[in-house]
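Engineer: what's the 3D shape of this:
(one chain, ligands or ions: 1)
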Amino acid sequence: MTHRRSFGAMAGKSAVVVACLAALSAGIVAQDKRSVKTGVYTAAQSDRGQALFRSKCASCHAPNRFTDDLFYTSFAGKPMWEMFDVISDTMPEDNPASMTPEEYVDVMAYLLKLNNFPTGDTELPVGKDALSAIVMEKP
Ligand code: HEC
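Structural biologist: The predicted structure is shown next:
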């Protein structure tokens, strides 16, 4: 009886520890998220992105395709990784996945500039973890 009760108490404690660790890591992830309103790309990067946009995207898209409600419905409130995933997988539509990750991210910096999001000191990063921590918004 005593043995059973102490075993129960131990199991209860480890469940609490697991729950605390889960809450802690969820808290860290939430804290690390940054909005695109906090300066997540540089001016030089969006300039490079603009040049790429002109050569790789403008034949099919007017810039205002990326400041309309359709665009926000697709991407606002979502991590920038989702935008990267869509664009790098499917665009340019006539030659998908033909650009480097750095080039796709530069074009995305230009899309942020089109939306008047502020520039900052660090470039919009390449990579799933880094882009997952930055959240697209409607301006
Ligand atoms: C050959 C034509 C063509 C080229 C070049 C092209 N696209 Fe597209 N793109 C399309 C079509 C067609 C669609 C689907 C219709 C739409 O959403 O406008 C689309 C859709 C998109 C979407 C989805 C928009 C949404 O709201 O879901 C994004 C983002 C996008 N393109 C970005 C780009 C970028 C960035 C480039 C340049 C690297 C590019 N496209 C080059 C034809 C093209």
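Engineer: now do the contacts for the most centrally placed residue in the chain.
Structural biologist: For the chain, the residue nearest the mean C-alpha position is residue 80 (2.2 Å; CA atoms, centre = their mean). Neighbouring residues of residue 80 by CB atoms under 8 Å, 6 or more residues apart in numbering: 36, 40, 108, 124, 131-132, 134-136. Any C-beta I mention is one placed from the backbone N, CA and C, and that applies to glycine too.
Engineer: looking at these, which is nearest the ligand?
Structural biologist: The ligand has its nearest neighbour among the contacts of residue 80 in residue 108, at 7.5 Å by CB to the nearest ligand atom.
Engineer: burial count for that closest one?
Structural biologist: Residue 108: 27 surrounding residues under other CB atoms under 10 Å.
Engineer: give the buried residues for whichever strand or helix holds it.
Structural biologist: Here residue 108 sits within helix 101-114, counting by DSSP states H and E. By 16 or more other CB atoms under 10 Å, the buried positions in helix 101-114 come out as 103-114.
Engineer: by contact count, what packs against it?
Structural biologist: In terms of contacts (3 or more CB pairs under 8 Å, 6 or more residues apart in numbering; DSSP states H and E), helix 101-114 is packed against helix 43-56, helix 80-90.
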